[in-house]
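**Student:** Here is a sequence together with a model predicted from it:
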Amino acid sequence: MKFKADEIASVIQQEIEHYESQIDVREVGRVLELGDGIARVYGLSGVMSGEMVEFPNGVNGLAFNLEEHSVGVIILGDYLAINEGDEVKSTGRLLSVPVGDAVIGRVVDPLGNPLDGKGPIVSSERRPVEFTAPGVAGRQPVREPLQTGIKAIDSMTPIGRGQRELIIGDRKTGKTAIGIDAIINQRNSGVKCFYVAVGQKESTVAGVIENLRKHGAMDFTTVILAGASAPAPLQYVAPYAGTAMAEYFTYKGEHALIVYDDLSKQAAAYRQLSLLMRRPPGREAYPGDVFYAHSRLLERSAKLSKELGGGSLTSLPIIETLEGEVSAYIPTNVISITDGQIYLQPDLFFAGQRPAMNAGISVSRVGGAAQIPAMKSVAGGLRLQLAAFRELEAFAQLGTDLDAATQARLDRGYRMTELLKQGQYQPMDVTDEVMIIYAGTRGHLDKVPRLQVADWEKEFLTFMREQKSEIRQKIADTKKLDIDKATDTNAEMEAAIAEFQAQYATKQKT
């Protein structure tokens, strides 16, 4: 095939006209000093705070400290692969993670790399790890309930979609269990769940993942893991990365739940980085801006306005206390940022009260606005009653003779605490919670022996489900059951309980 000279000339002419010279200009620096997960770099004079930089061997870092003659970089990866004198390039990009349906059901590290051996995460969309929280105009009040399936929480410290409810207590008091039960209870609710494990033992997290899988929750859950063996920079970044993945669904008008387990470990990782970077230490050696590290994270949880799609991000941050010291620096910081706290008390835990929630200190600042009308009605004064019962119980231990009315209050308190006990990985439907709390607060268990309360509850719920399903369905559909008003549903409930009491009494005699 022969080409004519004028054709060749026209092609060359076109190429010359459309030619654009592209020069890839990047700033390059050198590693001056290397530490535990941090590097001090000379030469990156134009780099911005939060910008990603690239080390040899494909390891990335994040510009953390901008100083006069050097830049402090936190290394997101294997810092042992980097040597002093290595070349460092600025990238002009912010740190981002893959988001979307591709991450659901996966176990990933804080950079979005898979850890579950199920192949690469193929996602066309990425989202910056740091993102500005919506302002006041971009939010709406929290009114829609997020059911945890835990009787004590849904009745006394209810959580709404878009709320931040702190779970706080000493180690080994059941903090993680509450977060996992809340995730399991989101089955069929459409809520996407994210569990961020920071500084946890990998074996413990493997157990959590196995339980989520066993209860069918991994189908809608993403686990972001920065374990105890992960470098401090990854432990620090993990909660922000998990929030970015959850926010993707929030801004699409969907609902998401994120559990940070736990922010004490993230604060310790941040302290480590800050001290290595020679930021001035303050109270308990934390730098003063550790409050900002947690506030800019938790402020991203919100119920968005209708103009922004009406999606929500609910967060359950976990904080570990030492010997119940809630007035320590990090606990007080996070308490002041969140919308309430569930305080788990070691004494109650070891006495067999699970969940070991202290009704006096635990609070939800959203309150009844995040409850269905039936639950709001039957559990209205329950928290105050239980708090008063604990004080009365302490007084009764002095051995004082009690009058009949005081003894009756004590007896009901003992039965209500038994009623609020719940096994792990056994979240309950809110309709069942309403019926059982109705029975307890109306005094239908006052004559049931304490040791038989759990058995009574189990059989009563079975009775309502199998023999009185129409009443149960009526409560589920209308969401109404008023403890103070003699409505049709109330009359039906009273009749059903009376019928069950007769059956149960007959069974006990035989």
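**Tutor:** That came through fine.
**Student:** Domains in the chain, by residue range?
**Tutor:** Split into domains by automatic domain parsing, the chain comes to 28-94, 98-371, 382-509.
**Student:** Dump those to CSV, plus distance to residue 15 and mean pLDDT.
**Tutor:** Just so you know, the C-beta spots here come from the backbone N, C-alpha and C atoms, and that holds for glycine as well. Formatted as CSV, the domains of the chain follow (distance: least, CB to CB, whole Å; pLDDT from 0 to 100):
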stretch, distance to residue 15, mean pLDDT
domain 28-94, 29, 92
domain 98-371, 32, 95
domain 382-509, 67, 87
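**Student:** Which parts of the stretch 101-250 of the chain are strands?
**Tutor:** 107-108, 126-128, 166-170, 192-198, 221-226 (DSSP state E, counting those that start in this stretch).
**Student:** Run through the neighbouring helices and strands of the longest one.
**Tutor:** In this case it means strand 192-198. For strand 192-198, the contact count by 3 or more CB pairs under 8 Å, 6 or more residues apart in numbering; DSSP states H and E identifies helix 175-184, helix 202-214, strand 221-226, helix 232-250, strand 255-261, helix 263-276 as packing neighbours.
**Student:** Just after the longest strand along the chain, pick out the following helix or strand.
**Tutor:** Identified as the longest strand of the chain according to DSSP state E is strand 312-321. Downstream of strand 312-321, the next assigned helix or strand under DSSP states H and E is helix 329-337.
**Student:** which is the next helix or strand following that following helix?
**Tutor:** Next in sequence after helix 329-337, counting helices and strands by DSSP H and E, comes strand 340-344.
**Student:** which outside residues touch that next one?
**Tutor:** 153, 157, 163, 165-170, 173-175, 178, 326, 335, 355-358, 361-366 (CB atoms under 8 Å, 6 or more residues apart in numbering).
**Student:** CA atoms only for that strand, dumped as PDB, please.
**Tutor:** Output in PDB follows, covering the C-alpha atoms of strand 340-344 (Å, rounded to 0.1, in the frame of the first residue of the first chain):
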ATOM      1  CA  GLY A 340     -25.100  10.900  75.300                       C
ATOM      2  CA  GLN A 341     -23.300   7.900  76.800                       C
ATOM      3  CA  ILE A 342     -23.900   4.300  77.800                       C
ATOM      4  CA  TYR A 343     -21.800   3.700  80.900                       C
ATOM      5  CA  LEU A 344     -20.900   0.100  81.600                       C
END
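**Student:** which residues touch residue 45?
**Tutor:** Here residue 45 is in contact with residue 27 (CB under 8 Å, 6+ apart).
**Student:** What distance do you get for it to residue 29?
**Tutor:** 8 Å (CB to CB, to the nearest Å).
**Student:** Among the contacts of strand 340-344, name the buried ones.
**Tutor:** By neighbour count, with 16 or more other CB atoms under 10 Å, the contacts of strand 340-344 hold 153, 157, 163, 165-170, 173-175, 178, 335, 355-358, 362-364, 366 as buried.
**Student:** now the strands of the stretch 101-250 of the chain as TSV including distance to residue 255?
**Tutor:** Shown next, in TSV, are these (distance: least, CB to CB, whole Å):
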stretch	distance to residue 255
strand 107-108	21
strand 126-128	17
strand 166-170	20
strand 192-198	7
strand 221-226	14
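**Student:** Would you mind finding the most buried of those strands?
**Tutor:** Per-stretch averages of neighbours, counted by mean count of other CB atoms under 10 Å, single out strand 192-198 among the strands of the stretch 101-250 of the chain, with a mean of 28.
**Student:** contacts for that one?
**Tutor:** 104, 179-180, 183, 186, 205, 208, 212, 217, 220-227, 235, 238-239, 241-243, 245-246, 249, 254-263, 265-266, 269.
**Student:** Just the C-alpha atoms of that strand, please, in CSV.
**Tutor:** Provided in CSV are the C-alpha atoms of strand 192-198 (Å, rounded to 0.1, in the frame of the first residue of the first chain):
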residue,chain,number,x,y,z
LYS,A,192,-25.1,-0.3,56.0
CYS,A,193,-22.8,-1.0,58.9
PHE,A,194,-19.1,-0.3,59.4
TYR,A,195,-16.9,-1.7,62.2
VAL,A,196,-13.6,0.0,62.7
ALA,A,197,-11.2,-2.0,64.9
VAL,A,198,-8.3,0.2,66.2
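**Student:** could you check the angle helix 175-184 makes with it?
**Tutor:** Strand 192-198 and helix 175-184 are oriented at 160 degrees to each other (axes from the mean of the first three to the mean of the last three CA atoms, to 10 degrees).
**Student:** Neighbouring strands - and their directions - for strand 192-198?
**Tutor:** strand 221-226 (parallel), strand 255-261 (parallel) (DSSP bridges).
**Student:** just the angle between the first one and helix 263-276, please?
**Tutor:** So that's strand 221-226. Using the same axes, to 10 degrees: strand 221-226 against helix 263-276 is 30 degrees.
**Student:** And residue 494, how far from residue 475?
**Tutor:** 13 Å.
**Student:** okay, the longest strand of the chain in PDB with CA atoms only?
**Tutor:** Only the C-alpha atoms of strand 312-321 are listed here, as PDB (Å, rounded to 0.1, in the frame of the first residue of the first chain):
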ATOM      1  CA  SER A 312     -27.900   9.600  58.100                       C
ATOM      2  CA  LEU A 313     -24.700   8.400  59.700                       C
ATOM      3  CA  THR A 314     -25.000   7.100  63.300                       C
ATOM      4  CA  SER A 315     -21.900   6.500  65.300                       C
ATOM      5  CA  LEU A 316     -21.200   4.400  68.400                       C
ATOM      6  CA  PRO A 317     -17.700   5.400  69.500                       C
ATOM      7  CA  ILE A 318     -16.200   3.200  72.200                       C
ATOM      8  CA  ILE A 319     -13.900   4.600  75.000                       C
ATOM      9  CA  GLU A 320     -12.000   2.500  77.500                       C
ATOM     10  CA  THR A 321     -11.700   3.900  81.000                       C
END
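**Student:** Tell me how far that strand lies from the chain's centre.
**Tutor:** On the basis of CA atoms, centre = their mean, to the nearest Å, strand 312-321 sits 4 Å off its chain's mean C-alpha point.
**Student:** Show me what it packs onto, helices and strands only.
**Tutor:** strand 166-170, helix 175-184, helix 232-250, strand 255-261, helix 263-276, helix 290-298, helix 329-337.
**Student:** and residue 12, which of the ones you listed is closest to it?
**Tutor:** Of all the helices and strands packed on strand 312-321, it is helix 232-250 that lies closest to residue 12, at 47.9 Å by CB to CB.
**Student:** Give me the angle between the closest one and strand 312-321.
**Tutor:** Using the same axes, to 10 degrees: helix 232-250 against strand 312-321 is 150 degrees.
**Student:** Put the alpha carbons of helix 232-250 into PDB.
**Tutor:** The C-alpha coordinates for helix 232-250 follow below in PDB (Å, rounded to 0.1, in the frame of the first residue of the first chain):
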ATOM      1  CA  ALA A 232       0.500   4.100  64.700                       C
ATOM      2  CA  PRO A 233      -0.200   6.100  61.500                       C
ATOM      3  CA  LEU A 234      -2.700   3.400  60.200                       C
ATOM      4  CA  GLN A 235      -4.300   3.200  63.700                       C
ATOM      5  CA  TYR A 236      -4.700   7.000  63.600                       C
ATOM      6  CA  VAL A 237      -6.200   7.100  60.000                       C
ATOM      7  CA  ALA A 238      -8.500   4.100  60.400                       C
ATOM      8  CA  PRO A 239     -11.600   5.900  61.900                       C
ATOM      9  CA  TYR A 240     -11.500   8.600  59.200                       C
ATOM     10  CA  ALA A 241     -11.200   6.000  56.500                       C
ATOM     11  CA  GLY A 242     -14.200   4.100  57.900                       C
ATOM     12  CA  THR A 243     -16.200   7.300  58.100                       C
ATOM     13  CA  ALA A 244     -15.400   8.100  54.500                       C
ATOM     14  CA  MET A 245     -16.700   4.700  53.400                       C
ATOM     15  CA  ALA A 246     -19.900   5.200  55.500                       C
ATOM     16  CA  GLU A 247     -20.400   8.800  54.300                       C
ATOM     17  CA  TYR A 248     -20.700   7.600  50.700                       C
ATOM     18  CA  PHE A 249     -24.000   6.000  51.500                       C
ATOM     19  CA  THR A 250     -25.200   8.900  53.800                       C
END
